[in-house]
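Asks: Could you look at this predicted model? Sequence included:
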Amino acid sequence: MRKNFYIVFVFVLSIPLAADAQAFVDKGYHPKITAIGRSAVALTEDAALMFYNPASLGFTQSGNVFASYTSLYPDIIDENMNVVNAGAAYSLGSLGVVGLGISQFAPNFWSEQTFIASFATRMFTNDLSLGGSVKILRWSAEAPQGENAVPESPLSYTGFTVDIGTTYVIPEVMEENDLYVGASILNITQPSVANNGSSDAALPMELNIGTAYVSRKFNYKILGGVGIRKEGVRVSVGFDITAMKARLMGVENEFFVRLGGGRLTAQDSQGEYNGGFGMKIDNIVIDYSYSYQAFIRHVGGISSISVGYEF
(Lines give C-alpha, C1' and ligand atoms only; values in the text may rest on other atoms or scores of the structure.)
Protein backbone atom coordinates (compact mmCIF):
# COMPACT_ATOMS: atom_id res chain seq x y z
CA MET A 1 0.00 0.00 0.00
CA ARG A 2 2.69 2.49 0.95
CA LYS A 3 4.69 1.59 -2.18
CA ASN A 4 1.69 2.45 -4.37
CA PHE A 5 1.22 5.69 -2.48
CA TYR A 6 4.76 6.84 -3.19
CA ILE A 7 4.52 5.88 -6.89
CA VAL A 8 1.34 7.91 -7.33
CA PHE A 9 2.71 10.83 -5.33
CA VAL A 10 5.89 11.05 -7.41
CA PHE A 11 3.97 11.06 -10.68
CA VAL A 12 1.54 13.72 -9.47
CA LEU A 13 4.43 15.95 -8.48
CA SER A 14 5.90 15.49 -11.95
CA ILE A 15 2.94 17.13 -13.65
CA PRO A 16 3.95 20.40 -15.40
CA LEU A 17 4.03 23.34 -13.01
CA ALA A 18 4.32 20.92 -10.08
CA ALA A 19 8.06 20.89 -9.69
CA ASP A 20 7.75 22.73 -6.40
CA ALA A 21 6.26 19.56 -4.85
CA GLN A 22 3.03 21.21 -3.75
CA ALA A 23 -0.64 20.33 -3.78
CA PHE A 24 -3.16 22.42 -5.75
CA VAL A 25 -1.13 22.61 -8.95
CA ASP A 26 -2.47 22.77 -12.50
CA LYS A 27 -3.40 19.21 -13.47
CA GLY A 28 -5.53 20.45 -16.36
CA TYR A 29 -8.64 22.60 -15.85
CA HIS A 30 -10.03 22.37 -19.39
CA PRO A 31 -8.99 20.49 -22.56
CA LYS A 32 -9.14 23.64 -24.68
CA ILE A 33 -6.54 25.26 -22.43
CA THR A 34 -4.38 22.15 -22.20
CA ALA A 35 -4.36 21.71 -26.00
CA ILE A 36 -2.84 25.15 -26.53
CA GLY A 37 -0.01 24.51 -24.09
CA ARG A 38 -1.80 26.30 -21.22
CA SER A 39 -1.14 29.64 -22.96
CA ALA A 40 -4.34 30.94 -21.42
CA VAL A 41 -3.54 34.22 -19.66
CA ALA A 42 -4.68 36.47 -22.51
CA LEU A 43 -7.66 34.40 -23.66
CA THR A 44 -11.16 35.62 -22.80
CA GLU A 45 -14.71 34.57 -22.01
CA ASP A 46 -14.49 30.81 -21.18
CA ALA A 47 -15.39 30.06 -17.54
CA ALA A 48 -12.34 27.80 -17.04
CA LEU A 49 -10.03 30.76 -17.63
CA MET A 50 -10.76 32.08 -14.13
CA PHE A 51 -8.20 29.54 -12.84
CA TYR A 52 -5.49 31.34 -14.87
CA ASN A 53 -6.61 34.98 -14.96
CA PRO A 54 -9.85 36.18 -13.35
CA ALA A 55 -9.91 39.24 -15.62
CA SER A 56 -10.47 36.95 -18.63
CA LEU A 57 -14.14 36.70 -17.64
CA GLY A 58 -14.69 40.43 -18.15
CA PHE A 59 -15.24 40.00 -21.89
CA THR A 60 -18.04 37.42 -21.48
CA GLN A 61 -21.07 38.63 -23.39
CA SER A 62 -23.74 36.43 -21.78
CA GLY A 63 -22.63 33.27 -20.00
CA ASN A 64 -21.27 29.73 -20.27
CA VAL A 65 -20.90 26.56 -18.22
CA PHE A 66 -18.62 23.53 -18.51
CA ALA A 67 -17.76 20.21 -16.94
CA SER A 68 -14.54 18.35 -17.73
CA TYR A 69 -12.91 15.02 -16.95
CA THR A 70 -9.15 14.38 -17.13
CA SER A 71 -7.47 10.98 -17.01
CA LEU A 72 -3.93 11.29 -15.65
CA TYR A 73 -1.42 8.61 -16.67
CA PRO A 74 -3.78 5.73 -17.59
CA ASP A 75 -1.04 3.11 -17.29
CA ILE A 76 -1.00 3.66 -13.53
CA ILE A 77 -3.98 1.41 -12.86
CA ASP A 78 -6.29 1.15 -9.85
CA GLU A 79 -5.23 4.48 -8.37
CA ASN A 80 -8.12 6.72 -9.54
CA MET A 81 -5.80 9.25 -11.19
CA ASN A 82 -8.63 11.42 -12.47
CA VAL A 83 -9.48 15.12 -12.20
CA VAL A 84 -13.01 16.53 -12.39
CA ASN A 85 -13.58 20.25 -13.02
CA ALA A 86 -16.69 22.37 -13.48
CA GLY A 87 -17.47 26.04 -13.69
CA ALA A 88 -19.78 28.77 -14.89
CA ALA A 89 -19.57 32.45 -15.85
CA TYR A 90 -22.48 34.86 -16.07
CA SER A 91 -22.60 38.46 -17.24
CA LEU A 92 -24.27 41.08 -15.03
CA GLY A 93 -24.28 43.58 -17.88
CA SER A 94 -22.36 46.81 -17.40
CA LEU A 95 -21.57 45.87 -13.79
CA GLY A 96 -19.30 42.93 -14.66
CA VAL A 97 -19.10 39.14 -14.83
CA VAL A 98 -19.19 36.59 -12.01
CA GLY A 99 -17.70 33.12 -12.13
CA LEU A 100 -17.77 30.02 -9.94
CA GLY A 101 -15.65 26.89 -10.33
CA ILE A 102 -14.50 23.70 -8.65
CA SER A 103 -11.63 21.30 -9.24
CA GLN A 104 -11.34 17.91 -7.53
CA PHE A 105 -8.53 15.36 -7.54
CA ALA A 106 -9.08 12.31 -5.37
CA PRO A 107 -6.71 9.36 -5.87
CA ASN A 108 -6.95 6.41 -3.52
CA PHE A 109 -4.82 7.88 -0.72
CA TRP A 110 -5.93 11.50 -0.41
CA SER A 111 -8.22 14.12 -1.95
CA GLU A 112 -7.91 17.79 -2.77
CA GLN A 113 -10.49 20.36 -3.87
CA THR A 114 -10.25 23.92 -5.08
CA PHE A 115 -13.33 26.16 -4.98
CA ILE A 116 -13.06 29.48 -6.79
CA ALA A 117 -15.27 32.57 -6.97
CA SER A 118 -14.31 35.30 -9.45
CA PHE A 119 -15.44 38.74 -10.53
CA ALA A 120 -14.27 40.84 -13.47
CA THR A 121 -15.39 44.19 -14.78
CA ARG A 122 -14.86 46.54 -17.72
CA MET A 123 -16.67 49.31 -15.90
CA PHE A 124 -13.87 51.85 -16.36
CA THR A 125 -13.10 51.34 -20.05
CA ASN A 126 -14.39 48.87 -22.62
CA ASP A 127 -10.91 47.66 -23.64
CA LEU A 128 -9.64 46.89 -20.13
CA SER A 129 -10.85 44.16 -17.77
CA LEU A 130 -9.86 43.94 -14.11
CA GLY A 131 -10.60 40.87 -12.05
CA GLY A 132 -10.04 39.03 -8.82
CA SER A 133 -10.70 35.58 -7.35
CA VAL A 134 -10.97 34.03 -3.93
CA LYS A 135 -9.97 30.36 -3.77
CA ILE A 136 -10.83 27.94 -0.97
CA LEU A 137 -8.33 25.08 -0.81
CA ARG A 138 -9.03 21.80 0.94
CA TRP A 139 -7.22 18.48 1.15
CA SER A 140 -7.61 15.43 3.37
CA ALA A 141 -6.01 12.02 3.86
CA GLU A 142 -7.48 9.13 5.76
CA ALA A 143 -5.57 7.33 8.49
CA PRO A 144 -3.64 4.25 7.25
CA GLN A 145 -5.84 1.16 7.03
CA GLY A 146 -5.03 -2.53 7.34
CA GLU A 147 -3.71 -5.00 9.86
CA ASN A 148 -0.09 -3.84 9.58
CA ALA A 149 -0.79 -0.11 9.28
CA VAL A 150 1.05 2.25 11.62
CA PRO A 151 -1.55 4.02 13.81
CA GLU A 152 -1.88 7.63 12.67
CA SER A 153 -4.66 10.19 12.85
CA PRO A 154 -6.38 11.47 9.68
CA LEU A 155 -4.91 14.63 8.15
CA SER A 156 -6.77 17.57 6.68
CA TYR A 157 -6.29 21.19 5.66
CA THR A 158 -8.60 24.04 4.69
CA GLY A 159 -7.40 27.49 3.70
CA PHE A 160 -7.82 30.22 1.13
CA THR A 161 -5.87 32.52 -1.13
CA VAL A 162 -6.46 35.33 -3.63
CA ASP A 163 -5.72 35.89 -7.34
CA ILE A 164 -5.82 39.14 -9.32
CA GLY A 165 -5.47 39.86 -13.02
CA THR A 166 -5.95 42.23 -15.92
CA THR A 167 -6.66 41.85 -19.64
CA TYR A 168 -6.33 44.60 -22.24
CA VAL A 169 -7.39 44.43 -25.87
CA ILE A 170 -5.84 46.48 -28.67
CA PRO A 171 -8.49 46.34 -31.41
CA GLU A 172 -7.75 46.43 -35.12
CA VAL A 173 -3.96 46.12 -34.94
CA MET A 174 -4.59 45.01 -38.51
CA GLU A 175 -7.90 44.84 -40.32
CA GLU A 176 -10.19 42.52 -38.31
CA ASN A 177 -7.28 41.42 -36.12
CA ASP A 178 -7.01 42.18 -32.40
CA LEU A 179 -4.23 41.80 -29.86
CA TYR A 180 -5.01 40.77 -26.28
CA VAL A 181 -2.51 41.20 -23.45
CA GLY A 182 -3.09 39.56 -20.09
CA ALA A 183 -1.34 39.35 -16.72
CA SER A 184 -2.20 37.65 -13.46
CA ILE A 185 -0.76 37.06 -10.00
CA LEU A 186 -1.91 33.82 -8.40
CA ASN A 187 -1.78 32.69 -4.76
CA ILE A 188 -1.00 36.17 -3.46
CA THR A 189 -1.30 35.24 0.22
CA GLN A 190 1.02 32.22 -0.24
CA PRO A 191 -0.80 30.08 2.35
CA SER A 192 0.83 27.05 3.91
CA VAL A 193 -0.97 23.97 2.64
CA ALA A 194 0.34 21.79 5.47
CA ASN A 195 -2.06 20.84 8.25
CA ASN A 196 0.52 22.07 10.79
CA GLY A 197 0.98 25.42 9.00
CA SER A 198 4.65 24.85 8.17
CA SER A 199 6.20 27.63 6.06
CA ASP A 200 8.04 24.95 4.08
CA ALA A 201 4.68 24.04 2.51
CA ALA A 202 3.73 27.58 1.42
CA LEU A 203 1.87 27.63 -1.88
CA PRO A 204 4.15 29.70 -4.14
CA MET A 205 3.01 32.92 -5.75
CA GLU A 206 2.87 32.87 -9.56
CA LEU A 207 3.23 35.74 -12.04
CA ASN A 208 1.88 35.09 -15.53
CA ILE A 209 1.90 37.30 -18.62
CA GLY A 210 0.73 36.44 -22.11
CA THR A 211 -0.58 37.61 -25.46
CA ALA A 212 -3.22 36.39 -27.89
CA TYR A 213 -3.29 37.50 -31.52
CA VAL A 214 -6.89 36.97 -32.64
CA SER A 215 -7.78 37.06 -36.32
CA ARG A 216 -11.50 37.54 -36.77
CA LYS A 217 -10.92 37.69 -40.52
CA PHE A 218 -9.34 34.21 -40.83
CA ASN A 219 -10.63 32.66 -37.58
CA TYR A 220 -7.40 31.75 -35.80
CA LYS A 221 -5.53 32.58 -32.60
CA ILE A 222 -1.79 32.60 -31.91
CA LEU A 223 -0.95 32.52 -28.22
CA GLY A 224 2.12 32.86 -26.05
CA GLY A 225 2.83 33.09 -22.37
CA VAL A 226 5.52 33.33 -19.71
CA GLY A 227 5.05 32.16 -16.14
CA ILE A 228 7.42 33.03 -13.31
CA ARG A 229 7.32 30.52 -10.48
CA LYS A 230 9.54 29.35 -7.66
CA GLU A 231 10.84 26.44 -9.75
CA GLY A 232 11.77 28.72 -12.66
CA VAL A 233 10.38 30.40 -15.76
CA ARG A 234 7.94 28.51 -17.96
CA VAL A 235 7.29 29.52 -21.57
CA SER A 236 4.34 28.30 -23.63
CA VAL A 237 2.92 28.72 -27.12
CA GLY A 238 -0.37 27.70 -28.70
CA PHE A 239 -2.39 27.83 -31.88
CA ASP A 240 -6.16 27.58 -32.35
CA ILE A 241 -7.92 27.67 -35.73
CA THR A 242 -11.52 27.26 -36.83
CA ALA A 243 -11.04 24.54 -39.43
CA MET A 244 -14.67 24.35 -40.48
CA LYS A 245 -17.70 26.55 -40.11
CA ALA A 246 -21.00 25.58 -41.69
CA ARG A 247 -24.75 25.75 -41.22
CA LEU A 248 -26.42 22.33 -41.35
CA MET A 249 -30.17 21.84 -41.01
CA GLY A 250 -30.48 25.37 -39.70
CA VAL A 251 -27.85 24.85 -36.96
CA GLU A 252 -24.45 26.55 -36.81
CA ASN A 253 -21.56 24.07 -36.60
CA GLU A 254 -17.85 24.75 -36.01
CA PHE A 255 -14.79 22.51 -35.76
CA PHE A 256 -11.56 23.68 -34.10
CA VAL A 257 -8.00 22.32 -34.23
CA ARG A 258 -5.48 23.20 -31.51
CA LEU A 259 -1.77 22.66 -30.89
CA GLY A 260 0.58 23.86 -28.17
CA GLY A 261 3.27 23.12 -25.67
CA GLY A 262 5.42 24.49 -22.90
CA ARG A 263 8.52 23.91 -20.84
CA LEU A 264 10.65 25.40 -18.12
CA THR A 265 13.65 27.36 -19.38
CA ALA A 266 16.00 25.17 -17.33
CA GLN A 267 18.46 23.35 -19.56
CA ASP A 268 17.30 19.85 -18.58
CA SER A 269 13.58 20.58 -18.98
CA GLN A 270 11.79 18.52 -21.66
CA GLY A 271 8.33 20.02 -21.41
CA GLU A 272 4.99 18.86 -22.79
CA TYR A 273 3.52 18.61 -26.30
CA ASN A 274 -0.23 18.94 -26.66
CA GLY A 275 -2.98 18.81 -29.24
CA GLY A 276 -6.72 18.64 -29.42
CA PHE A 277 -9.92 19.61 -31.15
CA GLY A 278 -13.29 21.10 -30.41
CA MET A 279 -16.80 21.02 -31.82
CA LYS A 280 -19.56 23.56 -31.40
CA ILE A 281 -23.07 22.52 -32.38
CA ASP A 282 -25.39 25.46 -31.89
CA ASN A 283 -24.72 26.37 -28.23
CA ILE A 284 -23.23 23.02 -27.16
CA VAL A 285 -19.42 22.79 -27.06
CA ILE A 286 -17.34 19.59 -26.85
CA ASP A 287 -13.55 19.76 -26.43
CA TYR A 288 -10.82 17.12 -26.26
CA SER A 289 -7.05 17.28 -25.62
CA TYR A 290 -4.10 14.92 -25.37
CA SER A 291 -0.90 15.87 -23.59
CA TYR A 292 2.41 14.03 -23.97
CA GLN A 293 4.77 14.55 -21.04
CA ALA A 294 8.27 14.16 -22.50
CA PHE A 295 9.92 13.64 -19.12
CA ILE A 296 7.61 10.87 -17.83
CA ARG A 297 7.78 7.61 -19.77
CA HIS A 298 5.73 4.39 -19.72
CA VAL A 299 2.72 5.80 -17.89
CA GLY A 300 0.63 7.03 -20.82
CA GLY A 301 -0.39 10.52 -21.83
CA ILE A 302 -3.02 12.79 -20.31
CA SER A 303 -6.45 12.82 -21.97
CA SER A 304 -9.15 15.34 -21.18
CA ILE A 305 -12.70 15.91 -22.42
CA SER A 306 -15.30 18.52 -21.60
CA VAL A 307 -18.88 19.44 -22.40
CA GLY A 308 -20.06 23.03 -22.23
CA TYR A 309 -23.01 25.24 -23.04
CA GLU A 310 -23.06 28.89 -24.10
CA PHE A 311 -26.13 31.01 -23.41
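Replies: Sure, I can see it.
Asks: what's the residue closest to the geometric middle of this protein?
Replies: Closest to where the C-alpha atoms of the chain average out (CA atoms, centre = their mean) is Tyr29, at 3.6 Å.
Asks: ok, now which ones touch that residue?
Replies: Applying CB atoms under 8 Å, 6 or more residues apart in numbering, we find Tyr29 in contact with 48, 51-52, 68, 85, 101, 103. All C-beta atoms are positioned from the backbone trio N, CA, C, and that covers glycine.
Asks: just so I have it, where are all the helices in the stretch 1-150 of the chain?
Replies: Using DSSP state H, counting those that start in this stretch, the helices of the stretch 1-150 of the chain run over 2-13, 31-35.
Asks: By mean pLDDT, show me the worst of these.
Replies: Within the helices of the stretch 1-150 of the chain, confidence is poorest for helix 2-13, with a mean of 44 (mean pLDDT).
Asks: And the strands in the stretch 201-311 of the chain?
Replies: Taking DSSP state E, counting those that start in this stretch as the criterion, the stretch 201-311 of the chain contains strands spanning 206-215, 220-229, 232-248, 251-264, 272-281, 284-293, 302-310.
Asks: Which of these sits closest to Tyr90?
Replies: strand 302-310 (11.5 Å; CB to CB).
Asks: buried sites along that closest one?
Replies: By 16 or more other CB atoms under 10 Å, the buried positions in strand 302-310 come out as 302-304, 306, 308, 310.
Asks: Please name the residues that touch the residue nearest to Gly301 when sequence neighbours are not counted.
Replies: The shortest distance from Gly301 to any non-neighbouring residue, by CB to CB, 6 or more residues apart in numbering, is to Tyr292 (4.9 Å). For Tyr292, the contact set (CB under 8 Å, 6+ apart) comprises 272-274, 301.
Asks: how about the residues you listed in a markdown table, adding distance to Gly261?
Replies: Output for those, formatted as a markdown table (distance: CB to CB, whole Å):
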| residue | distance to Gly261 |
| --- | --- |
| Glu272 | 6 |
| Tyr273 | 5 |
| Asn274 | 6 |
| Gly301 | 13 |
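Asks: Please report how far Ile33 lies from Ser103.
Replies: Noted for Ile33: a distance of 12 Å to Ser103, by CB to CB, to the nearest Å.
Asks: So these two - more neighbours on which side?
Replies: Ile33 (29 against 24; other CB atoms under 10 Å).
Asks: Does that one touch Asn53 like I think?
Replies: No: Ile33 is beyond contact range of Asn53, at 11.0 Å (criterion: CB atoms under 8 Å).
Asks: what about Leu92, how many neighbours?
Replies: With other CB under 10 Å as criterion, Leu92 counts 12.
Asks: Which residues are in contact with it?
Replies: Per CB under 8 Å, 6+ apart, neighbours of Leu92: Val98.
Asks: any idea how far it lies from Gln113?
Replies: The value you get for Leu92 to Gln113, if CB to CB is used, is 26 Å.
Asks: can you put the strands of the stretch 201-311 of the chain in CSV and add mean pLDDT and distance to Tyr168?
Replies: Shown next, in CSV, are the strands of the stretch 201-311 of the chain (pLDDT from 0 to 100; distance: least, CB to CB, whole Å):
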stretch, mean pLDDT, distance to Tyr168
strand 206-215, 98, 10
strand 220-229, 96, 15
strand 232-248, 95, 19
strand 251-264, 95, 22
strand 272-281, 96, 26
strand 284-293, 95, 26
strand 302-310, 96, 24
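Asks: Go through those and name the closest to Gly165.
Replies: Between the strands of the stretch 201-311 of the chain, strand 206-215 lies closest to Gly165; by CB to CB that is 8.2 Å.
Asks: Partner strands of that closest one and their direction?
Replies: Here strand 206-215 is paired, per DSSP bridges, with strand 177-186 (antiparallel), strand 220-229 (antiparallel).
Asks: okay, Pro191: pLDDT?
Replies: Predicted confidence (pLDDT) for Pro191: 92.
Asks: give the contact list for it.
Replies: 137, 159-161, 202-203.
Asks: circling back to that earlier point, and for Ile33 and Asn53, which residues touch both?
Replies: Common neighbours of Ile33 and Asn53 (CB under 8 Å, 6+ apart) are Ala40.
Asks: Could you work out the end-to-end span of stretch 193-211 for me?
Replies: 31 Å (CA to CA, to the nearest Å).
Asks: sorry, that was for stretch 274-287
Replies: 13 Å.
Asks: Then stretch 28-36?
Replies: Stretch 28-36: ends 12 Å apart by CA to CA.
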